[in-house]
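Visitor: Okay, sequence plus prediction incoming.
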Protein chains: 2
Amino acid sequence: MPKMERFFDQEFGSLRQQILEMGAAVEKAIENAVRGLIERTPESFNQVYAYETKINQFHISIDEACMRVLARQAPMASDLRLVLGCIKINSDLERMGDQAVNISHCGRHYLSELPLKPLVDLPKMAEEVRKMTRDALNAFFHQDQELAKKVVINDDIVDRYKNEIFQELIGIMKSNPATVDRAMDLILISRNLERIGDHATNIAEDVIFVASGVDIRHGSAKSVG
Amino acid sequence: MPKMERFFDQEFGSLRQQILEMGAAVEKAIENAVRGLIERTPESFNQVYAYETKINQFHISIDEACMRVLARQAPMASDLRLVLGCIKINSDLERMGDQAVNISHCGRHYLSELPLKPLVDLPKMAEEVRKMTRDALNAFFHQDQELAKKVVINDDIVDRYKNEIFQELIGIMKSNPATVDRAMDLILISRNLERIGDHATNIAEDVIFVASGVDIRHGSAKSVG
C-alpha cells in the first residue's frame, strides 16, 4: 500500500516536527534554569516558566497527534514502534520541563542569600546533563542508535556527579549550620539535574527500541520486533 | 464487528489482569519500604527489591501486550484510549516501584544510626500516599471517574505534608549538625513519597482521559473524544 505509506510519512513528519520544537523548548528551559543559577540572573528563571507553558501545550497536542495517527492509520511493526516511541518521548520531555521549573524554584531561593563559596561540581554536572539531552534528541531525529547507546552510558557520569556533590554538601552543612538552606537548595537542584539525565536516558532507550525493536530496559535485551 | 469486539475484550482482559498484579506488587513494595522505616525492620527492604524485580518484568510484558493489541486489533476511539492508558499507567507503576527502592535505600542508611526523635509527619504522609495509590488503581479497575478526581485533589495534601516535613527537618538540622545525615535521609524519603503521589495522580488523570476522552492535564480540559 504505497499510498497509505506516504500518508503515514506525511503525518509522522508533522509529529516529528512538533517533537523537534518541543525538544528545543526543553533545551532552552534547562539552559535558562542553569544560567540563572550560575550567572545569578533571576530573570533567566522567568524564561523557564515561559518555556514550560509552551512545553505543556506541545505535550497535549503531540499526544493528540499520536492518537490520530494510531486511529487513522493503524500502523504496524516499525511504524507502530515509532508512534509509541513518540508518546513516550513526549512524556519524558514534559517531565524534563517540570524539572527545569523545579531548578528555577530552588535557584530563586538560593539566590536570595550570598553564594555558597563553591557551586561544587554543579555547573559540570549541568553541562553533562545538557549534553545528554542534546544527544538523546539528536539520536531520535537521526535514528542514531550508536549515539543513543552513548547517552545510556553517560548516565553513570551524571550519577557519579550527583553522589560527589551530595557528599561534599553534607560535609559543608555539618561544619557550618548557617549553610544548611543553601546547601539544601544545591542538593535538590542536583537531584533535578539527575532526573533530567534519567529522562534523557529513557529517550535514548526508546530510540533503540524504535530503531531495532529491542527493549534494553531493566538490563533485558528482548526483541519484540 | 461483534467478533472483533469480543476478541479485543479478551485480549484486554488479560492485559487488565497483568496491570492488576503489577499494581498489587507496587503497593506491596511501597508498604514494605515504609514498614522498614517505621518499624525499623531492615528485612522489609529486601522484600522491596524482590517486588521491584517482579514489577520490572511486568513493565516489559505489559508494554509488549499493548503493542500486540495495537498491531493486531487496531482499536479505535475508547478502545484505543484504553490501550494508550495502559501504556502510561504501566510506565507510572514502574516508576513507583523505583521510588519504593529509593526509599529502601535511604531507609537502610537512616536505620544505621539512632532514630531521629520524631519521624515527623512521615508516617502520615506515607499513609496518604498509599491511599492515593490504592484509590488510583481502584479507579482504573472500576473506571471510576469520581474516585480518580479525588486522587487528583488529594495530591495537594501530600504536597503540604512534604513542605511541612521539609521545614521541620531543616530546623532540626540547623539546631544540631549531628542530625544532618538522618534529617537528609528523611527529606529524601519524603521526596520519594511525593513522587509516588505524583505518579498516582498521573494514573488518575489517565483514568479520566480513558473514560471520558477529556485530557485534564496542565489544567486544560480538552475533549479529544
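Guide: Noted; the coordinates are in hand. Residues are numbered from 1 along each chain as shown, chains lettered A, B, ... in the order given.
Visitor: Return the residues in contact with whichever residue of chain A sits closest to chain B.
Guide: Per CB to the nearest CB, A:Ala74 is where chain A lies closest to chain B, at 3.4 Å. (Glycine included, C-beta is placed from N, CA and C.) By CB atoms under 8 Å, 6 or more residues apart in numbering or on different chains, the contact list for A:Ala74 reads B:Ala74.
Visitor: Need phi/psi at A:Asp215.
Guide: phi -90, psi 110 (degrees, to the nearest 10).
Visitor: got the residues of chain A near chain B?
Guide: Along chain A, the residues adjacent to chain B under the rule CB under 8 Å from any CB of the partner chain are A:56-57, A:59-60, A:63-64, A:66-67, A:70-71, A:74, A:76-77, A:80-81, A:84, A:87-88, A:91, A:170, A:173-175, A:177, A:180-181, A:184, A:187, A:191, A:215, A:217-218, A:220, A:222, A:224.
Visitor: Mind checking which of those residues are in helices?
Guide: A:56-57, A:59-60, A:63-64, A:66-67, A:70-71, A:77, A:80-81, A:84, A:87-88, A:91, A:170, A:173-175, A:180-181, A:184, A:187, A:191 (DSSP state H).
Visitor: Kindly write the PyMOL command that selects the buried subset of the residues you listed.
Guide: Of those, the buried ones go into a single PyMOL selection, burial set by 16 or more other CB atoms under 10 Å in any protein chain shown:
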select buried, chain A and resi 56+59+60+63+66+67+70+80+81+84+87+88+91+173+174+180+181+184+187+191
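Visitor: Chain A: strands as residue ranges?
Guide: Counting by DSSP state E, the segments of chain A that form strands are A:214-215, A:222-223.
Visitor: By mean pLDDT, show me the worst of those.
Guide: Set side by side, the strands of chain A give their lowest mean pLDDT on strand A:222-223, at a mean of 56.
Visitor: picking that back up, how much space separates the residue of chain A closest to chain B from B:Gln73?
Guide: Going from A:Ala74 to B:Gln73 by CB to CB, to the nearest Å gives 9 Å.
Visitor: before we move on, what about A:Asn192?
Guide: Following CB to CB, the distance that separates A:Asn192 from B:Gln73 is 40 Å.
Visitor: okay, these two: which has more neighbours?
Guide: Between A:Asn192 and B:Gln73, counted using other CB atoms under 10 Å in any protein chain shown, the more crowded position is A:Asn192 (24 against 18).
Visitor: what's the burial count for A:Gly219?
Guide: Neighbour tally, A:Gly219, other CB under 10 Å: 6.
Visitor: tell me the pLDDT at it?
Guide: pLDDT at A:Gly219 comes out at 76.
Visitor: Determine the longest helix present in chain A.
Guide: Under DSSP H, chain A gives helix A:2-38 as its longest helix.
Visitor: Lowest-scoring secondary structure element of chain A by mean pLDDT?
Guide: strand A:222-223 (a mean of 56; mean pLDDT, DSSP states H and E).
Visitor: Just give the closest residue to A:Ser104, not the sequence neighbours.
Guide: Spatial nearest neighbour of A:Ser104, excluding adjacent residues (CB to CB, 6 or more residues apart in numbering or on different chains): A:Phe45 at 3.9 Å.
Visitor: dump the residue contacts of the nearest residue to A:Arg72 once chain neighbours are set aside.
Guide: Residue nearest to A:Arg72 in three dimensions, not counting chain neighbours: A:Glu11, with 7.5 Å by CB to CB, 6+ apart. Residues near A:Glu11 by CB under 8 Å, 6+ apart: A:Ala65, A:Arg68, A:Val69, A:Arg72, A:Gln73.
Visitor: Name only those of those residues that count as buried.
Guide: Judged by 16+ other CB under 10 Å, buried ones among the contacts of A:Glu11: A:Ala65, A:Val69, A:Gln73.
Visitor: closest to B:Glu113 among these?
Guide: Lowest distance from B:Glu113 to the buried ones among the contacts of A:Glu11 (CB to CB) belongs to A:Ala65, with 51.9 Å.
Visitor: List the contacts of the closest one.
Guide: A:Glu11, A:Ser14, A:Leu15, A:Gln18.
Visitor: who wins for neighbours among these?
Guide: A:Leu15 leads those on contacts (other CB under 10 Å) with 20 neighbours.
Visitor: quick one: contacts for it?
Guide: Here A:Leu15 is in contact with A:Ile62, A:Ala65, A:Cys66, A:Val69, A:Val83, A:Cys86 (CB under 8 Å, 6+ apart).
Visitor: what about 7 Å?
Guide: A:Ile62, A:Ala65, A:Cys66, A:Val69, A:Cys86 (CB atoms under 7 Å, 6 or more residues apart in numbering or on different chains).
Visitor: A:His218 now?
Guide: Applying CB under 7 Å, 6+ apart, the residues contacting A:His218 are B:Asn56, B:His59, B:Ile60.
Visitor: Intersect those with the contacts of chain A.
Guide: Filtering the contacts of A:His218 for proximity to chain A by CB under 7 Å from any CB of the partner chain leaves B:Asn56, B:His59, B:Ile60.
Visitor: State the distance from the first one to B:Lys28.
Guide: Taken as CB to CB, the spacing of B:Asn56 relative to B:Lys28 amounts to 14 Å.
Visitor: Over to the second one?
Guide: If you measure B:His59 against B:Lys28 using CB to CB, the figure is 16 Å.
Visitor: same check, this time on A:Ile157
Guide: Relative to B:Lys28, A:Ile157 is positioned 34 Å away (CB to CB).
Visitor: now do A:Glu21
Guide: Computed as CB to CB, the A:Glu21 to B:Lys28 distance reads 42 Å.
Visitor: do A:Gln57 as well
Guide: Distance from A:Gln57 to B:Lys28, by CB to CB: 38 Å.
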